[in-house]
Each structure stands twice: as C-alpha cells, then as structure tokens.
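Novice: generate a structure from the sequence data that follows.
(one chain, ligands or ions: 1)
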Amino acid sequence: MSLLDVEAIDAYYGESHILRDLSLSVEEGEICALLGRNGAGKTTTLRSIAGATPPDVRDGVVRFKGEDVTGLAAEDVSGRGISLVPEERRIFPNLTVAENLHLAEVARNTSNTWGRSVSVGHEGLSTDEVYAQFPRLDERRTQRAGTLSGGEQQMLAIARALKQNTDLLLLDEPYEGLAPKIIEDVEDAVRRISDDGTTILLVEQNAAAAIQLADRAYVIDHGGIVFDGSAEELREDEETRERYLGV
Ligand code: ATP
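Specialist: Numbers count the residues shown, from 1 in each chain. Purely as a prediction, here's the structure:
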C-alpha cells in the first residue's frame, strides 16, 4: 500500500470529462512530480485528491493511508493530513509574514473546534518550527507579504500549509513565475520539508526543474497518465520529453 493511491478516477467540470481513468500512487517519503503541458489536467488531479470542488469525481477511488477519501469535503481531507498549496498561493498581501502564519494557525484551530477536521497523527508545525525551516521568512517576520519576492511568497504559502498537520503536501506549480536562482531556493526548502518526513506531490510545467528535484515522475496528457517512472528514466526518455513536455 502506498501513502496515496489514486485508482482509475474520472473527473468532470459540469459535462466536460477531464480526467479519464487516471491512476497514480505516491510512496511515503518520496518527492513525486506530475508533469504535463498546459491544460493536461494537472491542477484537476490535485484538486480531485484534495477534495476541492469542482471538479466532480464520478468514478474511481482516492485512497490515503489505505482509507477511501473520495468525495470527502476538502476540510476533512485536509484534517487527514493532505495539504494543498494552490497555484495562486493565497497569501494575504497586506498582512505581514507573521500575521499570515498566525491566521493559518487560527484557521486550523477553528476547524478543530467546529469538529469538522478529523485530525489524526501529529499537529502542524509550530511557528518556531516554521521559522527554523524557512530562515528567509524568519528574517522577514514584519514585512508585508505582498512585498516579498516571488520565491519568498511561495515559501510563505508552503509554510502556511505546513501549519496544518501534513503528511502529504500537494504543490501546484511552485516554480511559476520564478527566476532560476529563486527556483533553487524553493527547491532547497522543498528538500528540507521532504527530509523532515513530509511526502510531496508536485505539479509543474517546468519539467526540467521538477525532474531535478523529484525521485519519481508521472506525465499526464489529455487527462490520462502516459508515463510513469523514475526521474532518471524520464531524463533519459527523450521521446516522452519531446512529445509531451516540449523539453
Ligand atoms: P495549467 O498548467 O494550464 O493549469 P493543468 O494541466 O493544470 O494546466 P487543468 O487546470 O487541470 O490543467 O485543466 C484541465 C482542463 O480542464 C482544461 O481544459 C481546462 O480548461 C479545464 N478546466 C479547468 N478548470 C475548469 C473549470 N473550473 N471549469 C471548466 N473547465 C475547467
């Protein structure tokens, strides 16, 4: 059994059939990349796993730690240890770094009080642990989030997600809009989180950078998986890279 097993799901936006019989699995402790062109279905896959609606998952099963989580509300999936960092990052630009982190904590505690989250396992990172993990954020506690660099904003978005109990972190295009030097900083941060024991599934259009970081990769095209192998195998598979990733 893998930490995450997506078994033959079909997902729709209204009547548009986007994911077709899509299966993938993520092993505990690994960094797994889901790669593909614009519109291939990467975000839809992450949203289907995280219980976000839309899309509507009509067939197939999403299993996390062996339990069927298909169709659970997003906050229940999150309470079980899956955190999604969406592409648009969702930080509060007019609040400081510290305030952004504080609000993530309030959100966590509120959902616990309402009893909607089924918290199992460990709690999320404390603020001190977050600052130890992200020294760049520590130096900028009082800076408004909107004035952080793109890479720092991405780190803040990840840090906010880790305030929830997270066994599986889903990252939607963490390198989007970042210069190569900054991508390296985000890469380092993701490696530290991984070394700390969090499993990671990341979606990227920047296949070259993602292959550097990942242990294993899937390639998605038109809503279905067309490649599954080690990052090494994908690096060597020129045909797949050219055909589906354009690199
Ligand atoms: P990108 O990198 O451009 O975000 P992606 O691989 O993440 O690409 P998705 O966002 O999963 O692609 O989109 C897959 C398909 O679903 C696309 O054809 C897109 O237009 C469609 N789609 C996405 N969101 C919706 C929505 N809310 N309603 C209808 N169709 C949608």
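
Novice: what are the buried residues along the lowest-mean-pLDDT helix or strand in the chain?
Specialist: With mean pLDDT, DSSP states H and E as the measure, the helix or strand of the chain carrying the lowest mean pLDDT is helix 97-113 (a mean of 80). The neighbour-count check on helix 97-113 (16 or more other C-beta atoms under 10 Å) flags Val97, Ala98, Asn100, Leu101, Ala104, Glu105, Arg108, Ser111 as buried. (Glycine included, C-beta is placed from N, CA and C.)

Novice: and the gap between the fifth one and Asp5?
Specialist: Spatial separation of Ala104 from Asp5 under the definition C-beta to C-beta, to the nearest Å is 28 Å.

Novice: just the first one next, same as before
Specialist: Between Val97 and Asp5 the computed distance is 36 Å (C-beta to C-beta).

Novice: ok, for the residue nearest the centre of the chain, nearest residue in space, not its chain neighbours?
Specialist: Nearest residue to the geometric centre of the chain (C-alpha atoms, centre = their mean): Leu170, 1.5 Å. Closest residue to Leu170 apart from its sequence neighbours, by C-beta to C-beta, 6 or more residues apart in numbering: Leu84 at 4.4 Å.

Novice: that neighbour and Ala161 touch, don't they?
Specialist: Yes: counting by C-beta atoms under 8 Å, Leu84 does reach Ala161; the two are 7.1 Å apart.

Novice: around the ligand, which positions in this structure sit nearby?
Specialist: By the rule C-beta under 6 Å from any ligand atom, the part of the chain lying against the ligand is 13, 16, 18, 36, 38-44, 54, 205.

Novice: nearest to Val62, of these?
Specialist: Nearest to Val62, judged by C-beta to C-beta, of those is Thr44 at 12.7 Å.

Novice: and the residue nearest to that closest one when sequence neighbours are not counted, what pLDDT?
Specialist: The shortest distance from Thr44 to any non-neighbouring residue, by C-beta to C-beta, 6+ apart, is to Ile18 (5.0 Å). We have a pLDDT of 98 for Ile18.

Novice: next, count neighbours for Ile18.
Specialist: Using other C-beta atoms under 10 Å, Ile18 has 21 other residues around it.

Novice: and the host helix or strand of it, how far out from the chain's middle?
Specialist: Element membership for Ile18 (DSSP states H and E) is strand 16-26. Centre-to-centre, strand 16-26 and its host chain are 16 Å apart (C-alpha atoms, centre = their mean, to the nearest Å).

Novice: ok, Glu149 touching Ile182?
Specialist: Careful, residue 149 is Ser; it's not Glu. Yes: Ser149 lies in contact with Ile182 (C-beta under 8 Å); the separation is 6.5 Å.

Novice: out of the two, which sits in the more crowded spot?
Specialist: Ile182 (17 against 14).

Novice: which ones are touching the nearest residue to that one once chain neighbours are set aside?
Specialist: Distance criterion C-beta to C-beta, 6+ apart; nearest residue to Ile182, sequence neighbours excluded, is Gly151 at 3.6 Å. By C-beta atoms under 8 Å, 6 or more residues apart in numbering, the contact set of Gly151 is Leu178, Ile182, Ile183, Asp185, Val186.

Novice: am I right that Gly151 is in a helix?
Specialist: Yes: assessed by DSSP: H, G, I helix; E, B strand; the rest coil, Gly151 belongs to a helix.
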